[in-house]
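>>> One predicted model, sequence on top.
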Amino acid sequence: MATFCMSSAPIYINGFTSYVRLRRFACKSMTKRTSDDVSVDLCRRSVNYQPSPWDHHSLLAITNKYAEVITRDVLKKKVKKILAADIITHLEQLELIDDLQKIGISHHFELEIKDILTDFHHINEINLWKCDKEEDLHATALEFRLLSQYGFDISEDVFDVIVEKIESDTFKSDDMESIITLYEASYLSTKSDTKLYQVIRPFAIEQLREYVNSDHDNETYKSRETAIHALEMPYHWRMRRLETRWYIDAYEKKHDMNLALMELAKIDFNIIQASYQEELKYATSWWKETCLSNQLPFVRDVIVENYFWNVGIIYETQFGYTRRILTIINALVTTIDDIYDIYGTLEELELFTAMNEKEVITRDVLKKKMKKILDVELKTSLEKLELIDDLQKLGISHHFELEIKDILTDLHHKNEKHLWNCDKEEDLHATALEFRLLRQHGFEISEDVFDVVVNKIESATFKSDDIKSIITLYEASYLSSKSDTKLYKVIRPFATEQLRDYVNSNRENETYQTREKAIHALEMPYHWRMRRLETRWYIDAYEKIHDMNLALMELAKIDFNIVQANHQEELKYVFSWWQETCLSNQLPFVRDEIVENYFWNVGIIYEPQFGYTRRILTIINALVTTIDDIYDIYGTLEELELFTAMVDK
């Protein structure tokens, strides 16, 4: 059987790499300047942490030759047949579930186990709730523990007769298997289960200690070993993977052990161990790539210990990604902890704390301020619409989705009469803006709101020099559907022509900012633009407006910097993954476009909360690009036919 080492998914190395820092906004109110001319002799603390006992190259060289997936699948089918068999008794099914759990393979049979326990809970309640005899104790205690562990509601009252016998000193049983099972069940108690932890647990502990300290022959030695193991720590408190390793050896010594179960447990243990080994390689490679142990020699090098800690609390095979990320987080927390505890001076640490907290705190304060404005301070519909438009174009509307939805819903229901009748040119800006925002947020609204305007355009009686209204009308025309013929056949050409005439004229009464907005709109309408690039442009444009909202401006800059920092981390992640694959070296004919692929995904999925989606899609796009280049450039017809057949098979 394999030795114990440390769910296997594609492994994406997330190392820090050199890159060109994207432009950030300097929020002057957020910065603190200190003189560079002052020379200070710093007296730093030191701690003699022991160097890491783990050699990075040895960890990367770990291999596992026992990962026999095909054999495991065959054995799983055998065990499923045993679980479903009608010939085994109620107790045998419970003991089989207990064995599956303790030898670490119950995760393959979750549905079957759940069905069996649900059946027991519903059908056998009468038998379960009355444990009148000592000989029924093992089955009752085992069923109680398993049902509690799987979330079924079960009362400690099932042990009432046993408790009465214990309290009256009439309990008689030499069956240590029952006592061990009762002892383990007592650790599945809740605060209200006073009988379990006040009566049953002390009694079971006393019985086990007496048994352990008594003389034993060869036949009882194994049960004594199990009792000692239970007294050291109950199963419910143990680390599952270490317990699995111990129980595999213990189960193998049983005279009635199931060979198929034993073989499946060993193979599965080795396969999971191989997954753990890959996760550990990932974590140590990331740590080496950061160079933190070289750049900050006072920091503890405990990346392996951090990984072991995560295996202890999240052992399930399907949570490999979670273990990797938590290991990285723990390593960074350890680094920051050592900076605070050992290296940093008080002044440095105060600056470091302020730098990390102030932007986020300020953003939260400004968000509350803007929510108050949205909820209370705006009086007219147009003021609300213009603020929503600014929030959207400044890239911060995602913080106010509920408030925006409520305002637009209210406007859609209450102001229909005002909205649906745009009789005057001076109402055009409000109508067009409301039309665009409502459509953009999924509300049903007809192009008929512009009927009067369309009639005036077609009869050449439309009179308006308000370019702001024309720009808004132009943008609204790009929210048309196929059936909206008035929008794209009448309104759009008219608005485009008006804007071009305006741009080519020299009107003295119009501001430079208005002309700049008209040119920007003609280049490409807002609805077609990449949101993050548009946000960057609009922040500059908004700052030039004479009546711009200072709180809105500062929130937009801070949020842009925070979101940009997240994008930078995502870019580091995918860039490191690409470097680790070595595809650009092994396949030099392939396009090296990992950064371009990432930018493409930011363009189509710009929302801050979809960082994981952007990373995965970037990786998929890179692999698709690689396969595309193999087909288009490198492969011969024969090679490509074989490659296609292999993929399809």
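Structure's in. What do you need?
>>> what comes into contact with the helix or strand where Asn601 lies?
Asn601 is located in helix 594-604, with elements delineated by DSSP states H and E. For helix 594-604, contacts defined as C-beta atoms under 8 Å, 6 or more residues apart in numbering pick out 530, 532, 567, 570-571, 574-575, 577-578, 613-614, 617-618, 621-622, 625. Every C-beta, even on glycine, is put in place using the N, C-alpha and C of the backbone.
>>> if you set the cut-off to 10 Å instead, what comes out?
With C-beta atoms under 10 Å, 6 or more residues apart in numbering as the test, helix 594-604 has contacts from 19, 529-533, 567, 570-571, 573-579, 581, 583-584, 591, 593, 610, 613-625.
>>> what distance separates the following helix or strand past that helix from the centre of its chain?
Per DSSP H and E, the first helix or strand lying C-terminal to helix 594-604 is helix 611-629. How far helix 611-629 lies from its chain's middle: 19 Å, per C-alpha atoms, centre = their mean, to the nearest Å.
>>> between helix 611-629 and helix 594-604, how many degrees?
If you take axes from the mean of the first three to the mean of the last three C-alpha atoms, to 10 degrees, helix 611-629 sits at 130 degrees to helix 594-604.
>>> what is the mean pLDDT for helix 611-629?
Helix 611-629 carries an average pLDDT of 92.
>>> by contact count, what packs against it?
Counting contacts by 3 or more C-beta pairs under 10 Å, 6 or more residues apart in numbering; DSSP states H and E, helix 611-629 packs against helix 550-581, helix 583-586, helix 594-604.
>>> ok, which stretches of the stretch 101-250 of the chain are strands?
For the stretch 101-250 of the chain, strands defined by DSSP state E, counting those that start in this stretch do not occur.
>>> Output the below-cut-off pLDDT ranges for it.
124-134, 216-220 (pLDDT under 70).
>>> before we move on, the earlier item: among the helices and strands packed on helix 611-629, which is nearest Lys371?
Proximity to Lys371 (C-beta to C-beta) singles out helix 550-581 among the helices and strands packed on helix 611-629, at 11.0 Å.
>>> Give me the angle between that closest one and helix 611-629.
Per the same axes, to 10 degrees, the angle that helix 550-581 makes with helix 611-629 is 40 degrees.
>>> rewinding a little: please produce a ChimeraX select command covering the buried subset of the contacts of helix 594-604.
Selection command for ChimeraX covering only the buried members of the contacts of helix 594-604, criterion 16 or more other C-beta atoms under 10 Å:
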select :529,531,532,567,570,571,573,574,575,576,577,578,579,581,583,584,593,614,615,617,618,619,621,622,625
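>>> what about Val299, how many neighbours?
21 (other C-beta atoms under 10 Å).
>>> Can you report how many residues neighbour the closest residue to it other than its chain neighbours?
Nearest non-adjacent residue to Val299, counting by C-beta to C-beta, 6 or more residues apart in numbering: Asp338, 4.6 Å away. Asp338 has 17 neighbours, counted by other C-beta under 10 Å.
>>> The one 4 residues further on now?
Burial of Ile342, expressed as a neighbour count using other C-beta under 10 Å, amounts to 16.
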